[in-house]
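# Structure, please.
(2 chains)
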Amino acid sequence: MKPRGFWRLVSIAVLLILGALYLFPYFWMVLTAVKPLGEFYRFPATIFPERATVQPFVSVMVSRGFVTLLRNSLVVCLAAVGIGLIVSMLIAYPITRLPVSPRFRRALLNWILSLRFLPPIVVVIPFFDIVRRAGLYDNPLSLVLLYAVFSLPFATWMLKGSLLEVPMEIEEAALVDGATRLRAFFTILLPQIAPALLATAVITFALSWSEFMFAFILSATPRSQTFPIGVASLVTQFEIIWNEMAAVGAIAAAVPVLLLLLARRYVLTALTFGAVREKA
Amino acid sequence: MAPPVLLLAALVAYPLIYNIGLSLRNYRTGEFVGLHNFARAFQDPLLFASLRATTIYVTSALVLEIALGLSLALLVHRTIRSGWARTLIYLLFIIPMVTPPVSAGVIARLIYTPTYGVLNAGLRAVGLIGEDILWLSRADTAMFAVVSVDVWQWMPFVFLVCFAGFQAVPQDAVEAALVDGAGGWHLFRHIEFPYLSSLLLLVLIFRFTDTFRVFDHVLVLTGGGPGATTEFLSVYLYRIAFKFFNLGYAAAVSLFVLAVSSLAFAILGRYLGREVAE
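Now for the predicted structure:
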């Protein structure tokens, strides 16, 4: 190729600027979270806190009771991940390991994918009425159900992809040796797809964790409100308590960001439903 | 496999059918009103204002995300070779994509708030502005603010998909073109772009459907305001359904949102059908 020293410099400059543009906001959120309020209001502003404190975290989690919301989020998301994984395995296993017509397989996969494109507002309007009549308004159960259903497109497509990568022969050998299908599944197949299964769990957990609209509309009290609802209430209140808002914003972001840095190999593949494979 | 699939189908189909039922009734009285809710939509100036705002949002977010993401992918693909640098870029760019919308809202608040916000402080420091800009209280700047959050979070998605696409271009084809004396533009337009076009369609549909139904960070950041200038379709529907409790009318309009999203999915489905069938 031609000498491209100039473009290389442009590229490095652009990337450095973007790096700052993307990391600074997180950095600023964390710094604001550990600043005493008096220092936040000081003029001119300080960048690093003179007296860093964890008091905003303590006050928002304990005094404002955000611990309860954190617990709700964990319970709802874990339950949804569990149900979502089981159901998606019940769908992905037969269409990849049993003889089914390719047309049926494609139709089913496409239909499940279509859930990804179903606008939540279209679901939540009727669901609100249904849930209210069923006495499940402000009940975490309705969120578990919705999160499980909406985790299916990701989970089914990811499991389908990883199941297809395990050669049929391995399992068939076990079947010939007299193992039942169930036994072959647990002893042969499951260990093979364990990393992908774990990544699927992590990604669907992170997606449910970040969900906002369903929880916002279907919950009303700390009995069922999730963590993001608490965060939103601190952002939209009339007089914002800046360091507390930053503290919960940082906690809400830290959970999925850390989880997905662990499952990084699968993030782009999952978000594009296997259309793109990244080898990071 | 039949039971879970049927159960799921029922779980998804039931609310949608229920929605049609809602749309044909007056929610308060429960009385059947036929297509009244649909007819009303055609005479609702707020709905048209919302459609207009949504169009501005979707168009500007899509254009910026795709233009920036694609050019960045081309630039990085041509100039950065080192493996660890590429891994670092990948890691940097998955962070915003997995940041919850409420946290993005917190970040945007810290940046755009008038007196103590980073943006005004920065602009003041370099002497660009004398007095604070009220970013979230003016129609044009509020729109800019909500679009900027979308672009900030999702330009990386376009970048990563395009970047992966560039790497999938067969090296032989690129070298053959270079031997023939092809320039950078020619290489992009005739060798690389054909490989990218299907991925670009995918990105376009994903981003279109997501921006068309945007709700989370807008509600947190502007709540649809000032006035109704950032009251995009989902935000408007939320107000009709859960502030005025007119679920019938909201259901009718939501069917329109569903129709548009389904159309976009059908286009993607045709493409995916081709890919799966090979």
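# From here on, just use CA atoms for contacts and neighbour counts.
Will do.
# what's around the residue lying closest to B:Leu196 once chain neighbours are set aside, how many residues?
Distances taken as Cα to Cα, 6 or more residues apart in numbering or on different chains put B:Gly165 closest to B:Leu196, at 5.6 Å, once the chain neighbours are dropped. Residues near B:Gly165, counting by other Cα atoms under 10 Å in any protein chain shown, number 22.
# Could you do B:Phe265 as well?
B:Phe265 - counted by other Cα under 10 Å - has 24 other residues nearby.
# Then it would be within a helix, right?
Yes. Counting by DSSP: H, G, I helix; E, B strand; the rest coil, B:Phe265 is part of a helix.
# pLDDT weak spots in chain A?
Residues of chain A meeting the criterion pLDDT under 70: A:1-4, A:277-280.
# show me the contacts for B:Phe32.
By Cα atoms under 8 Å, 6 or more residues apart in numbering or on different chains, the contact set of B:Phe32 is B:24-26.
# which among those gets closest to A:Gln237?
Nearest to A:Gln237, judged by Cα to Cα, of these is B:Asn26 at 33.3 Å.
# correct me, but that closest one touches B:Val33?
Yes. Using Cα atoms under 8 Å, B:Asn26 makes contact with B:Val33 at a distance of 6.3 Å.
# Next, the distance between the ends of stretch B:90-105.
One end of stretch B:90-105 sits 23 Å from the other (Cα to Cα, to the nearest Å).
# typo on my end, stretch A:164-178
End-to-end for stretch A:164-178, by Cα to Cα: 23 Å.
# for it, which positions count as buried?
By neighbour count with 16 or more other Cα atoms under 10 Å in any protein chain shown, stretch A:164-178 contains the buried residues A:164, A:171, A:174-175.
# that older thread, now a PyMOL select for only the buried ones of the contacts of B:Phe32.
Typed into PyMOL, the line below selects the buried ones among the contacts of B:Phe32, using 16+ other Cα under 10 Å:
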select buried, chain B and resi 24+25+26
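# Keep the contacts of B:Phe32, but drop any that are not near chain A.
Near chain A, judged by Cα under 8 Å from any Cα of the partner chain, there are no entries from these.
# Quick one: name the residues of the stretch 101-250 of chain A near chain B.
Checking the stretch 101-250 of chain A against chain B by Cα under 8 Å from any Cα, the hits are A:106, A:110, A:114, A:117-123, A:125-127, A:130, A:149, A:206-207, A:209-213, A:217, A:228, A:231-232, A:235-236, A:245-246, A:249-250.
# Going by neighbour count, which of the residues you listed are buried?
Counted by 16+ other Cα under 10 Å, those give A:106, A:110, A:114, A:117-123, A:125-127, A:130, A:149, A:206-207, A:209-213, A:217, A:228, A:231-232, A:235-236, A:245-246, A:249-250 as buried.
# now, among the buried residues of stretch A:164-178, which is nearest to chain B?
Among those, A:Leu164 lies closest to chain B (Cα to the nearest Cα), at 12.8 Å.
# quick one, phi psi at the closest one?
phi -70, psi -20 (degrees, to the nearest 10).
# what sits against it?
A:Thr96.
# If we use 10 Å, what do you get?
Listed by Cα atoms under 10 Å, 6 or more residues apart in numbering or on different chains, the contact partners of A:Leu164 are A:92-93, A:95-97, A:158, A:193.
# Just the endpoints, please. Distance across stretch B:105-118?
Distance between the two ends of stretch B:105-118: 14 Å, counting by Cα to Cα.
# averaged over its residues, what pLDDT does it have?
Stretch B:105-118 shows a mean pLDDT of 92.
# Go through the chain and flag its longest helix.
The chain I'm using is chain A. Identified as the longest helix of chain A according to DSSP state H is helix A:66-97.
# try chain B instead
Chain B, longest helix under DSSP H: helix B:45-79.
# helices or strands next to the helix or strand just after that one in the packing?
Next along the chain after helix B:45-79, taking DSSP states H and E as the criterion, comes helix B:83-98. If you count contacts as 3 or more Cα pairs under 10 Å, 6 or more residues apart in numbering or on different chains; DSSP states H and E, helix B:83-98 packs onto helix A:5-33, helix A:190-210, helix A:242-262, helix A:264-271, helix B:45-79, helix B:139-168.
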